[in-house]
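[1] Provided below are the primary sequence and the corresponding predicted coordinates.
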Amino acid sequence: MSKKQVPTFCFVIDASIAEAAGTTEPPHLAAKCCRDFLISVRSVCHRMAWSQAIKAEWDKHKRGFATQWLVTMRNLRKLRPVQNAQLADLREAISEHSDDQGVVDCMLKDAHLFEAALATDLRIASLDENARGHYTRLAASFDPLQHIMWVDPVAEGEQAVKWLEAGAPTRQSRKLKRKGKENG
């Protein structure tokens, strides 16, 4: 049961959080932030988007705490199955986004996260600030991305756990958009 009556959402949780949450020695601030974030996802009754691509990443990177957390999420039926549907228009926009093939490859590697977010509740949790920057720039020309909200549990000032406990409400400041760009 949730701590309080708040809306709940389905999150795409990047494996970077699973990997960081499993770090226990020496005590690491990022690990604590990620563990607190995952505990809050579960306790507030949020769900996690679960596609084959997300599962493959988690299988590769999860350890310790994240492994146990995932088992409890599965047992509580808080893993929401998502089809591995590649969005041709998103992948085409990525390919046309940059002349730098390294940037394109980096973005394509994470495209499944954005496809899952677009298929669920438009919320991504990740530590990958490079991906956030690339996709924020792409959102300027690919409108569906402008609705995705991003949270980094480790980033100073994001107050990720507090936001989750408030029901992960829609906030313009969390959306993938350039600073100062108005979003309808």
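    Everything's here; your move.

[2] Would you map the strands across this protein?
    Taking DSSP state E to define them, one finds strands in the chain at 10-13, 47-50, 79-81, 123-125, 149-151.

[3] I'd like the ones you listed as TSV, with distance to D99, mean neighbour count and mean pLDDT appended.
    (Glycine included, C-beta is placed from N, CA and C.) Below are these laid out as TSV (distance: least, C-beta to C-beta, whole Å; neighbours: other C-beta atoms under 10 Å; pLDDT from 0 to 100):
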stretch	distance to D99	mean neighbour count	mean pLDDT
strand 10-13	28	27	98
strand 47-50	31	22	97
strand 79-81	37	14	97
strand 123-125	26	24	98
strand 149-151	25	22	97
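
[4] Show me the one of those that comes nearest V161.
    V161 lies closest, by C-beta to C-beta, to one member of those: strand 149-151, at 9.7 Å.

[5] just checking, what packs against the closest one?
    If contacts are counted by 3 or more C-beta pairs under 8 Å, 6 or more residues apart in numbering; DSSP states H and E, strand 149-151 sits against strand 123-125.

[6] In its sheet, which strands sit next to the strand it packs on, and in what direction?
    Sheet pairing here is set by DSSP bridges, and for strand 123-125 it gives strand 10-13 (parallel), strand 149-151 (parallel).

[7] Give me the contacts around the shortest one.
    Contact with strand 149-151 is made by 122-126, 132, 158, 160, 163, 168, 170-171, 174-176, as judged by C-beta atoms under 8 Å, 6 or more residues apart in numbering.

[8] burial count for R171?
    R171 has 11 neighbours, counted by other C-beta atoms under 10 Å.

[9] Tell me which residues touch it, please.
    With the criterion set at C-beta under 8 Å, 6+ apart, R171 makes contact with M149, W163.

[10] ok, back up a step: mark which of the contacts of strand 149-151 are buried, thanks.
    Of the members of the contacts of strand 149-151, the ones counted as buried by neighbours, 16 or more other C-beta atoms under 10 Å, are 122-126, 132, 158, 160, 163, 168, 174-176.

[11] Run a quick neighbour tally on E156.
    Neighbour count for E156, taken as other C-beta under 10 Å: 7.

[12] Quick check on it: phi, psi?
    phi -60, psi 130 (degrees, to the nearest 10).

[13] Quick one: residues in contact with the lengthiest helix in the chain.
    Scanning the chain for the longest helix, with DSSP state H as the assignment, gives helix 29-43. Residues from elsewhere that reach helix 29-43 (C-beta under 8 Å, 6+ apart): 2-3, 11, 13, 17-18, 20-24, 46, 48, 65-66, 69, 72-73, 76, 78, 125, 127, 153-154, 160-161, 164-165.

[14] between the contacts of strand 149-151, which is nearest D59?
    S126 (17.2 Å).

[15] Let me see the contact set for that closest one.
    I13, D14, S16, I17, L113, R132, W150, D152.

[16] With D121 instead?
    When contacts are counted by C-beta under 8 Å, 6+ apart, D121 touches F9, C10, F11.
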